[in-house]
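Engineer: need coordinates for the following:
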Amino acid sequence: QVQLVESGGGLVQAGGSLRLSCAASGGTFSSYVMGWFRQAPGKEREFVARIRRSDGLTYYSDSVKGRFTISRDNVKNTVYLQMNSLKPEDTAVYYCAAGSNIRYVYWGQGTQVTVSS
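Structural biologist: Modelled structure (predicted):
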């Protein structure tokens, strides 16, 4: 069983930056694909970014490409999401997830990101 704990959310002005962290425990972190998702009020959860386990290849949604960067530290068992040039529409609860190329199995509890205009 893998436990995921997100941190780093908060309130920031538009144009600002935040770095989210997701610490994993209870499993072999390096064997998992890690992803970030978000859910805004009244909307469905949506994919933000993911990073592969073997080669660290990254993928991003079009809405965050060029502004967000996902990275992982397999020694610290942590995945990060650096968010720059934040916009009010980035306001959401951000979740990290761990799994395979087919599906995500483990989810964190989420961290709130609020971007004011």
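
Engineer: quick check, central residue of the protein?
Structural biologist: The residue lying closest to the centre of the chain (C-alpha atoms, centre = their mean) is residue 36, at 2.8 Å.

Engineer: find the nearest non-adjacent residue to that residue, please.
Structural biologist: Nearest residue to residue 36 in three dimensions, chain neighbours excluded: residue 48, at 4.3 Å (C-beta to C-beta, 6 or more residues apart in numbering). C-beta: built from backbone N, CA, C; applies to glycine.

Engineer: give me the pLDDT for the one you found.
Structural biologist: At residue 48, the pLDDT value in this model is 98.

Engineer: so who does it touch?
Structural biologist: Counting by C-beta atoms under 8 Å, 6 or more residues apart in numbering, residue 48 touches 35-38, 60-61, 64, 68, 81, 94.

Engineer: among these, name the buried ones.
Structural biologist: 35-38, 60, 64, 68, 81, 94 (16 or more other C-beta atoms under 10 Å).

Engineer: taking these together, which two end up most distant?
Structural biologist: Maximum pairwise distance among the buried ones among the contacts of residue 48 (C-beta to C-beta): 13.9 Å, between 60 and 94.

Engineer: coming back round to it: looking at the buried ones among the contacts of residue 48, which one is closest to residue 18?
Structural biologist: Checking the buried ones among the contacts of residue 48 one by one against residue 18 (C-beta to C-beta), the nearest turns out to be residue 81, at 8.4 Å.

Engineer: what sits against that closest one?
Structural biologist: By C-beta under 8 Å, 6+ apart, the contact list for residue 81 reads 19-20, 22, 36, 48-49, 68-70, 94, 96.

Engineer: ok, and the closest non-adjacent residue to it?
Structural biologist: residue 20 (4.3 Å).

Engineer: does that neighbour really touch residue 111, like I thought?
Structural biologist: Yes: Residue 20 lies in contact with residue 111 (C-beta atoms under 8 Å); the separation is 6.2 Å.

Engineer: give me the common contacts of the two.
Structural biologist: Joint contacts of residue 20 and residue 111 (C-beta under 8 Å, 6+ apart) are 6-9, 94.

Engineer: alright, calling it a day.
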